[in-house]
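K.L.:
Okay, sequence plus prediction incoming.
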Amino acid sequence: MRQPHKCLGFFSFILIMAWPILTLSQAVPGNPQNGKILFDKHCANCHGEKGTGDGPDTQFLLVQPANFLSLESRSKTDWELMNVITYGAVFSPMHGWSERLTEEERWDVLRYIRILAPFNPIAQLHPLPKTSG
């Protein structure tokens, strides 16, 4: 005699285990090559060429820009970063870009930022190795 609840449990287990693979394999919007061009033009003066928050304009800022290689930034989701790019950050010089860049261009910038500093939800357990330079 078959026990349908056991089959259902098995398939549920397989789906739960495969879910991260399925979500990571989906196409991610954004063109990082265009994002680099936009980043260099609009973002590097504050965030620095490598995204470490050390651009030449930081000397004029009371609140320092985000260092995208930091554990805090790397553990933010794309949705969180896109909100900051789109609407800005309260009590900081980071203004929103929704009126200056199209949504596609903002995704391009985000995709480039993820090349500089890949998303890592457990960044504190697995930080990026330090590089010299």
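P.N.:
Perfect, I can see it now.
K.L.:
pLDDT value on N120, please?
P.N.:
Note on N120: pLDDT of 84.
K.L.:
Next, work out how far apart it and K76 are.
P.N.:
Separation of N120 from K76 (C-beta to C-beta, to the nearest Å): 10 Å. (C-beta placed from N, C-alpha, C; glycine too.)
K.L.:
what do you get for L62?
P.N.:
With C-beta to C-beta as the criterion, L62 and K76 are 22 Å apart.
K.L.:
higher neighbour count, those two?
P.N.:
Using other C-beta atoms under 10 Å, the more surrounded residue of L62 and K76 is K76, with 20 against 7.
K.L.:
Just want to check the distance between that one and N83.
P.N.:
According to C-beta to C-beta, K76 and N83 sit 9 Å apart.
K.L.:
For the most centrally placed residue in the chain, grab phi and psi.
P.N.:
In the chain, the residue lying closest to the centroid (C-alpha atoms, centre = their mean) is D78, at 4.5 Å. With angles defined as degrees, to the nearest 10, D78 sits at phi -60, psi -40.
K.L.:
so it makes contact with R114?
P.N.:
Yes. Assessed by C-beta atoms under 8 Å, D78 is found in contact with R114 at 7.4 Å.
K.L.:
Tell me the confidence at the residue nearest to the centre of the chain?
P.N.:
pLDDT at D78 comes out at 94.
K.L.:
The protein: strands as residue ranges?
P.N.:
In the chain, no strands are defined using DSSP state E.
K.L.:
Could you find the closest non-adjacent residue to P121?
P.N.:
S75 (5.7 Å; C-beta to C-beta, 6 or more residues apart in numbering).
K.L.:
contacting residues for the residue nearest to the centre of the chain?
P.N.:
Contact analysis of D78 by C-beta atoms under 8 Å, 6 or more residues apart in numbering lists 28, 110, 114, 119.
K.L.:
buried sites along stretch 79-87?
P.N.:
81-82, 84-85 (16 or more other C-beta atoms under 10 Å).
K.L.:
try stretch 55-75
P.N.:
Of the residues in stretch 55-75, 55, 58, 65-71, 73-74 count as buried by neighbour count, 16+ other C-beta under 10 Å.
K.L.:
From these, which one has the minimum pLDDT?
P.N.:
Minimum pLDDT across the buried residues of stretch 55-75 is recorded for L71, with 89.
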